[in-house]
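>>> got a predicted model here, sequence first, then my questions.
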Amino acid sequence: AIEALVFDVDGTLADTEEAHRVAFNLAFERHRLGWSWSRSDYRRLLEVSGGKERIASYIDSLPLPPAERARLRALVPTLHADKTRFYTSAVLDGGVPLREGVARLVHEAVEAGCRLAIASTTTAANIHALLAATLGPRGLDLFAVVACGDQVRAKKPAPDIYRLALATLGLTPERAVALEDSVHGLRAATGAGLWTLVTPTFWTEGGDFTAAGLVLPGLGGPDAPLA
Ligand code: XBP
Ligand code: MG
């Protein structure tokens, strides 16, 4: 039997990428870098998972003298910390709702005795903000395991974050299923041996999801009112 659902966050629990994009641009503005990532830029930039890694790879793509490249590379942790502050404050202001069907699935799974876990490349503070803003102050407590961010060295599409989630749950992959939205996420989950349901978004649609157990446009109809 299935004993746990392992959720990706960005794109799966909520369509967060526009809020991430805006937060990156606000951080760039704060440091007067003159960089602005458009929606089409950002779709390409999502090829690199992890915000710090994404900024670093953008810097590497710019034609820069070595000293300037090194200066900007050294600024990545600060830029990313600022981005995280802009992102979490937008999310805590209610700027990003859960995707349709997510709240119902989460509550029904818990009621049925199924454990919930998270396997995400995003920063822990982002997940805490999203769950608090959408599921309430006890939202985080619904999840038995939160595996995220820099807890593993190799981010998605590497399977490491799913392996960590499964190890912390104490389950073999046959006892859980993954929920994802992207090709990178699907590769990570199936790489860890998990059957995977994919619900793409604007940012990830059109990808090759043939390795998925199932691809759906979303997780169902409007959420039932929460008791
Ligand atoms: C989501 C991401 C994340 C966010 C930014 O990937 O790629 O990097 O865009 O988060 P997935 P941070 O849904 O596959 O986990 O800036 O905190 O890294
Ligand atoms: Mg995702």
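Arrived safely. Predicted model, so just to flag it, every value in this text is computed and none were measured. Ligands and ions are numbered 1, 2, ... in the order given.

>>> burial measure for A192, as a count.
23 (other Cβ atoms under 10 Å). Where you see a C-beta, it was placed from the backbone N, CA and C, and this is true even at glycine.

>>> surely it meets R163?
Yes: if you go by Cβ atoms under 8 Å, A192 and R163 touch, sitting 4.9 Å apart.

>>> identify the residue nearest A189 in space, chain neighbours excluded?
A178 (3.6 Å; Cβ to Cβ, 6 or more residues apart in numbering).

>>> assign that neighbour to helix, strand or coil.
Under DSSP: H, G, I helix; E, B strand; the rest coil, the three-state class of A178 is strand.

>>> so how far is ligand 1 from L79?
Going from L79 to ligand 1 by Cβ to the nearest ligand atom, to the nearest Å gives 10 Å.

>>> shift numbering so it begins at 332
All set: I'll call the first residue 332, so the last point we hit is now L410.

>>> would you mind naming what in this protein lies close to ligand 2?
339, 341-342, 512-513, 516 (Cβ under 5 Å from the ion).

>>> give me the residues contacting the helix or strand hosting A350.
Under the criterion of DSSP states H and E, A350 resides in helix 348-361. Helix 348-361 is touched from outside by 341-342, 365-368, 370, 373, 377, 382, 385-386, 410-411, 413-415, 417-418, 421-422, 426-427, 532, 534, with contacts defined as Cβ atoms under 8 Å, 6 or more residues apart in numbering.
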